[in-house]
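> based on what follows, work out the 3D shape:
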Amino acid sequence: MGRDDRDEMCEEALHDWARAEKARQALVAPSTAEQLAQVFRALADPTRVRIVSALARAELCVGDLASVLDMSISAVSHQLRLLRELRVVRKRRDGKHVYYALDDEHVGDLFARGLEHVQHT
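Residues are numbered from 1 along each chain as shown. As a prediction, the model looks like this:
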């Protein structure tokens, strides 16, 4: 074990039982952790982040999104399908058009907070 590894570890296995117990009680359930990890995986792709960025401003149809992102409709549709399956975006049909928007305000908040974090200096 190198010196850097020792700097990352406590010298005792359990230092503060009460604090550790509070953390244990606050843990999310494994199934919830998996769902949240899926949302973060969805946002781990720069193209999907750009789609979420555009939809954070306005509801858009696939063609408009493709134009905004300078991508093919097919490529955008593929990404939207994944985002929809993960409940990041939702669709709404209006006649011949299908419009996409963020699934709810939580997605917008999550995106805004992440953006705020990476832009923080």
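> secondary structure element for Arg92?
strand 89-94 (DSSP states H and E).
> paired strands for that strand, with orientation please.
strand 97-102 (antiparallel) (DSSP bridges).
> got the contact list for the partner strand?
52, 55-56, 59-62, 65, 80, 84, 88-93, 108, 111 (Cβ atoms under 8 Å, 6 or more residues apart in numbering). C-beta: built from backbone N, CA, C; applies to glycine.
> ok, stretch 70-85 next?
42, 45, 47-48, 51-52, 62-63, 65-66, 69, 89-91, 100.
> again, but for stretch 28-48
Applying Cβ under 8 Å, 6+ apart, the set of residues contacting stretch 28-48 from outside is 49, 52, 69, 71, 75, 79, 82-83, 86-88, 110-111, 114.
> mind doing that once more with 7 Å?
Applying Cβ atoms under 7 Å, 6 or more residues apart in numbering, the contact partners of stretch 28-48 are 49, 52, 79, 82-83, 86, 88.
> and those residues, which are buried?
Those of the contacts of stretch 28-48 that meet the buried threshold are 52, 79, 83, 86, 88, by 16 or more other Cβ atoms under 10 Å.
> and those residues, which is closest to Val118?
Val52 (13.6 Å; Cβ to Cβ).
> which parts of stretch 74-91 are buried?
Per 16+ other Cβ under 10 Å, stretch 74-91 contains these buried residues: 76-77, 79-80, 83, 86, 88-91.
> which one in the residues you listed is the model shakiest on?
Lowest pLDDT within those is found at Leu86 (92).
> who's Gly101 bridged to?
For the record, residue 101 is Ala, not Gly. Arg90.
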